[in-house]
Every structure is written in C-alpha cells, then in structure tokens.
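Student: Would you be able to build a 3D model of this:
(chains A and B)
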Amino acid sequence: MADATTAAVTGGDATAPGGHRSGTAFWAALASPGSLLLVALFVVPAYAILAVAFGGIDPILRTTVPAWNPLDWDLERFGDVVSRVFGGDLTRVFLRTGIFAGLALVGCFVIGYPVAYYVARKAGRNRGLLLGLLVLPFWISYLMRMLAWVNLLQTDGFINRILGWLHLGSGNRNWLDGDWPTVVFGLVYGYIPFFILPLYAALERLDGRLIEASRDLGASSASTFLRVTLPLSIPGLMAASVIILLPMCGDYYTNTYLTGGSPRTEMVGNQIEFFLRGSSQPQAGASLVIILMAFLTIAMAYYLASVARSQRESAS
Amino acid sequence: MATDRRQFIHRSAQFGVLLGAGVPLLQACGSSDSGGDSKAVTDAIEDGLKPEGGPLRILNYADYVNPDTVASFEAQYGVKIEITTFDVDAEAVTKLANGSVEVDVFQSAAPNTLGRLIAGGLLQPLNASYIPNKANVLPTFDNPWYDEGSAYTVPYTVFSSGIGYRTDRIDPAKVEELGWEILWDPEYKGVTSILDDYREGLSMALLRQGITDVNTTDKALIEQAGADLGELTGLMNIKVNIEGYKDIPEGATTLAHTWSGDLLAGAYSYLPEGTDPSVLGWWYPSDDVGVVNNDCMTVTANAKNPVLGHLWINHLIDVANAEENFSWNGYLPPITGLDADYLIENEYAPENLRAAVLDDAIISKGLRFEPLDMETNQLWERTWSAFTAG
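Tutor: This is a model prediction of the structure:
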C-alpha cells in the first residue's frame, strides 16, 4: 500500500506520464485561490506588521508610518520592546499569558477529551445530536457568552446562589475580583468547542481494529486506552491544542470582561491593544505581535514536526 | 526613520510659524506638540449654501448621543444619520488620518489632540453663519484655550474627573476627608476602580501627591505616579476600566475614579429598579483644582456634507435639544441655562449629585490636559503600560 502511494506521489505511473503532469497542474490550479487568499490574508498582513514595527510615526498626527522598504527599517523601538519583554516589566505579562493558556489547555484536555472520546466512539445513534450540541455555542458570539458569564459570576449572580444552596463556600464570593482562576475558566469555556471538534475528528477516524486487537491480546480497558488509543490520538490532540493555544495567547477580551480590567490578569493581547489602538507608539504594539508570533512559531514548529514524525511512523 | 531631538525641535519651530501665520492653535499645540509641516485647512465653506442630501456621517463614542435627538434632525432635514464609533481618542485620530472612515462630523474630539488634527489637515474651520445657536454656549467657551476664537470647534460636553461612590457603603464625610487617598484605602479592596486612560490615571496619582501639573514633563514625577498606581494592584486589587457609569449604580463597584457624566448618566439609567439615586455620591476637590475636560464637535476637511455637518452641530446646541440629549447620556452640554438648579428642578439630576453638574467656577479653575510633546507622551504611555502589566 505504501509502495503504491509512493509511486503515485512520485509520478511512478509509467503508463501515462503526460496525463499525470496535467493532473498535477489541475490540482495546483485548484489550490491557487487558497494560496492567493493565504498571501492576501496572511503574508501581506504579516509583512505589514513588520513594516509598522520597524517604521516611524507621523510627526503631526502621531499615526504609524510603515516602512515598507526593509532598508528603511529602524530597529531601535523593537529593541526597546525586546528588552522590556526579556527581563523588563513585560516579562510577567508574557509569563502570565503562557501560564493562563497552559492551564486552560489542561482544562480543555481534562474536560474535552472524554467528551470527544464519548461522542466519537460510544455515542452510537446519538452522535449527530451530540455533535449538534457541541457546535451550538458557535451560534452565539464569543463576546455575548463572556458578557453572560459576567452576570452569572457577579456576587449576587446565579453561581453564588447555586453554591449557597449547596452550602459550598460563603455564597458571596466575588468571582470577578481579578483572580486568575476566573480567567482560566473563561478561556476553557470559550475555547473548548474548538478543542473538542478536531479531537473528535481524530478519534472518530481511529482504527477500531487496533483497539480490538489490544483487548484480544489481553490488555485491560485502561491499558488499551493508555497504550493504544491515547498515543494514536496524539496528532489530533496536537492539532486541537495548536488551534486553541494560538488564539488564547492573543486573547484580551476574556480577562478584560471577567476581571473588570485587573492588572493582575493582564495578558499580552491587552498590551498589544493598548499600544496599537490607544497610544502614539504603535511600533511597540507591532513589536509585541512579532515577539508573540515568534513564541507561537516555536509551538507550531513542534506541532508540525510531531505530525511529520507521526506520518512517517504510520507509513512504515 | 525615528525623529531625533534636533529634527523634532526644527519641525516644531516650522510648525509654530505656520500656525502663527494662519492657524489659531498655536497655544494649543505649542512649540512642543508636534513636528512636521502643517497642512491646516484655513477656508470655511461659503455662506448661504443649501444642505446636502446626506447621509450625514458622524464619528462618535458609542451611546454618546440621544437617538431621539438624531431622529428629530433626520425628520427636520429629511436625511439619514450614520454613526461610526470609536473607543479611544487615538483610535479616532488613526481612523481619520488613514481614511478608514470618511465622516462629516467628528463629534467628540479631545482638546489635546485638536491641534494635531488641524495641523494634519483633517478638520475645516466652521462657518458661524450656519451655527446661530452658538450664542447658547457658555461664555467660558467663547475663546477656549485649545481653539482660539472657536474657529474649528463647538464644545459638545464638559465633565470633570473625580470619585464616584456608593453613599450606602461609604460615609460621604470619609470621602470628603480622604479625597484621592480613599482610593488607596484597603477597606475597599476589590470594589474600587480607576479610569482606563493613561492621562487620567497618572494625573489622579499626581493630584493625590498635591502635584497639580497634570501635563508634567518631569520623568521622576511621572514614574512616581506610575509607582503609586502600581501600589493599587496589590493593595486594592484595583480594576482599570471605564465602566463606572453602570458598575457604581449596579453595585459592582463601591468606589471609582470616574467622570462626572458617568454618575449623572448612571443615576437614572443604570440604578436597579426601586433604588433611590441618593445611594450615589460624587467627590471633586473642594478647592476646585481637579481635571476638567470637554469634547468638541468639528467638521472634517473632506466632509461630503459640510453644510449638514454645521446644521447638526447647531441642532445639538439648541437648548431644547441639548436638554433632551443630556437627559439620555448624562454628559453636560455647556449651554447657558442648563445649570445645576435647572437640571435638579426638572429631575435630570438628583440633588446629591449637584457637584457633578459643572458650573463656571469649576470649568474655569479646572486643570486641562494639554498636548504633550512626543517624547513625554510616550513616557506617560510607557509608565501606564508598566502599571497595567501588573
């Protein structure tokens, strides 16, 4: 099977080489709209961020003057921001953002994996219904859902009332007091659908015969899960993690809404927003975007390497 | 690419000469506000032109104009009004400068950025013949510091920065006694907020220390103000936002550094049903040495409906319309006759918030946010960024 695939990919079909080349061109043409879109919506904006970060400021209006020519780039402002991020007052913002996103990822895994597993492997005829319920949150905007939680989490809100009825805690806890658990909870709540769906897709494609083989060979349910199911779902887990980690690291409204703007929960996205929207130094905001992108690229590279390794192992 | 100090001073001087020659904003911008060549528009529209067909496009803060006041203008002139919103002043300047929004009226320009907007050629002078209601504006604004001779602007609202609080949770005498210091009182930890605005926040910390130069260029003072605010993070678990208008009336916040208009708006719009407005309190320095600010209405240089823009400004400073608008947004229009006695008598403001309705004495003694030179402004911003970083 692997040989046949390799032959097809490498053009090993000796009977119709010309036809294969035209087929390749056909598929490349089909991919071109997507490629153009990628250039328009990713490459150009990414370059624009560089041009802003290394550009200047209009001396009158104090708006950004992007430096489109790399020969005109001024690295001074970027260096200043780098020094604030590495060992300066912005270090804690980056650390806090990483910790919040990491904890939220753990939360998504603990809650989301069993849900994805159940829907993919155990739900039977209810799978469609459960999938529908999983995408239900997408029908309501993220901001609306966060605003709803602001009401629920208020001192006299439903959460405290329920806890009071259950005699859990004092019943008057101020959940919106700028504490990190509320922010992490908000991130988990907001992003978990994005975690479950790709994971569900990976688990649903998992070859059931491998699980049966494991059980036939005497492995317990737990052992089968830990030694077969979980390792095979790692590519899906990685994809789900990357999908939610990237936006979580740039998030700025979850903590803003759920803590009323507490400096104790300030994330990188808040600083980016301040410098890009509300200041006379948008270069600082763009520089923060570049630094954040550099960190996230490392995570992305690890993901891509893992996927490549996994594909190699599958092929062999 | 960056402007060095020498270039900056040179350009500032050029800018000053240009302003002195024809643009009445030298005082506002000063020699240190900006560099670069002025592109100021100096010609107003001619007299006697007919209103355009619209739609009239306005750039304004969200929820900052009464929909009924909008509707009455639409009905009177048979045009539609389209409102584009922004959150912070710098965002509005960027949108106007890069052309991402094209509007006829910038309805809430901050005085300390007006000089740059004019020098950047983004605003046009007003033709007073279209704005007869200008006579209704308080005389204090005849020749405001930011716009000599009111050439480009008409004031929209005026407000002060002080402390809004709940009288059912804090004794007003205590607020009176402590003043700004009460924002550092750990008894109110977790229920206190300050304005999410770098000029307002740092100025409040300066005023707490008795420093009334809210436009200081002294690095040590600015950094000390930042350090003082930094204390609030641990001591008070401070919140940094502009939600006082609803958080105080709704009870989520007990104590807030906020704008007078927020309390007046909150008194009738955000108090839970059955709650008496007397639960709201307002403190402003008893010597009237506090920050006073106002928003300005202007017509943009590239307005497609400049006549309608003038008429809209005139509409908003009609006494009845200004009263109607105030009843909805709570921000005081500086119109003769709309004083504390009148507003309280007509139940637009409760008696306990009398001090939140600014009078001539407060407006004239108030400290103003003047334009800062680029370097100082960036120091203020960076100090604020370090504070909000926690």
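Student: hey, let's count contacts and neighbours off CA atoms from now on
Tutor: OK.
Student: Can you check the pLDDT for the residue in the stretch 101-250 of chain A positioned nearest to chain B?
Tutor: Using C-alpha to the nearest C-alpha, the single residue of the stretch 101-250 of chain A nearest to chain B is A:D177, 5.8 Å away. pLDDT, A:D177: 84.
Student: element containing it, please.
Tutor: Following DSSP states H and E, one finds A:D177 outside all helices and strands.
Student: again with A:G236
Tutor: Taking DSSP H and E as the definition, one finds A:G236 inside helix A:234-250.
Student: about what we covered before: could I get the contacting residues of the residue of the stretch 101-250 of chain A closest to chain B?
Tutor: Residues near A:D177 by C-alpha atoms under 8 Å, 6 or more residues apart in numbering or on different chains: A:259-260, A:262, B:190-191, B:237.
Student: Quick one: mark the members of these that sit in helices.
Tutor: Residues from the contacts of A:D177 lying in helices, with DSSP state H as the criterion: A:T259.
Student: Quickly name whichever of the contacts of A:D177 is closest to A:F94.
Tutor: Of all the contacts of A:D177, A:S262 has the smallest distance to A:F94: 15.7 Å, by C-alpha to C-alpha.
Student: Not including adjacent chain positions, what is the nearest residue to that closest one?
Tutor: Nearest residue to A:S262, sequence neighbours excluded (C-alpha to C-alpha, 6 or more residues apart in numbering or on different chains): B:K239, at 4.5 Å.
Student: partners of the one you found in the sheet?
Tutor: B:S193 (DSSP bridges).
Student: doesn't B:I194 make contact with it?
Tutor: Yes: judged on C-alpha atoms under 8 Å, B:K239 makes contact with B:I194 at a distance of 6.4 Å.
Student: related to what we said a few turns ago, dump the residue contacts of the residue nearest to A:S262.
Tutor: A:178, A:259-263, B:190, B:192-194.
Student: do B:G266 as well
Tutor: With C-alpha under 8 Å, 6+ apart, B:G266 has these contacts: B:245-246, B:248-249, B:330.
Student: And for B:T212?
Tutor: B:206, B:289-290, B:367.
Student: From these, which one has the minimum pLDDT?
Tutor: Among the contacts of B:T212, B:V289 has the weakest pLDDT, 89.
Student: how about that one, phi and psi?
Tutor: With angles defined as degrees, to the nearest 10, B:V289 sits at phi -100, psi 90.
Student: For it, grab the count of nearby residues.
Tutor: Using other C-alpha atoms under 10 Å in any protein chain shown, B:V289 has 16 other residues around it.
Student: And for it, nearest residue in space, chain neighbours not counted?
Tutor: B:G366 (5.7 Å).
Student: That neighbour touches B:P285, doesn't it?
Tutor: No: taking contacts as C-alpha under 8 Å, B:G366 lies outside contact range of B:P285: 10.1 Å.
Student: which one of these two has more residues nearby?
Tutor: The neighbour comparison of B:G366 against B:P285 (other C-alpha under 10 Å) goes to B:G366, with 19 against 16.
Student: Could I get the contacting residues of A:L217?
Tutor: Contacts of A:L217 by C-alpha under 8 Å, 6+ apart: none found.
Student: What's the separation between it and A:D177?
Tutor: Separation of A:L217 from A:D177 (C-alpha to C-alpha, to the nearest Å): 54 Å.
Student: Equivalent analysis for A:T63, please.
Tutor: Counting by C-alpha to C-alpha, the gap from A:T63 to A:D177 is 35 Å.
Student: what's next to stretch B:344-359, contact-wise?
Tutor: If you take C-alpha under 8 Å, 6+ apart as the criterion, stretch B:344-359 is touched by B:158-160, B:260-261, B:263-264, B:267, B:277-278, B:280-284, B:327, B:332, B:339-340, B:343.
Student: near chain A, which residues of chain B show up?
Tutor: By the rule C-alpha under 8 Å from any C-alpha of the partner chain, the part of chain B lying against chain A is B:1-3, B:34-38, B:88-91, B:93-94, B:97, B:116-117, B:119-120, B:190-191, B:233, B:237-241, B:252, B:374, B:377-378, B:381, B:385-390.
Student: Mind checking which of those are buried?
Tutor: Neighbour counting by 16 or more other C-alpha atoms under 10 Å in any protein chain shown classes B:2, B:34-38, B:88-91, B:93-94, B:97, B:116-117, B:119-120, B:190-191, B:233, B:237-241, B:252, B:374, B:377, B:381, B:385-390 among the residues of chain B next to chain A as buried.
Student: burial count for residue 284?
Tutor: Because you didn't say which chain, this covers chain A. Counted with other C-alpha under 10 Å, A:A284 comes out at 26.
Student: wrong one, I was asking about chain B
Tutor: Counted with other C-alpha under 10 Å, B:Y284 comes out at 22.
Student: Repeat that for B:Y188.
Tutor: Neighbour count of B:Y188, defined by other C-alpha under 10 Å: 20.
Student: so what's it up against?
Tutor: Contacts for B:Y188 (C-alpha under 8 Å, 6+ apart) come out as B:236, B:254-255.
Student: and which of the contacts of B:T212 is nearest chain A?
Tutor: Looking across the contacts of B:T212 and measuring by C-alpha to the nearest C-alpha, the closest to chain A is B:L206, at 19.7 Å.
Student: Alright, calling it a day.
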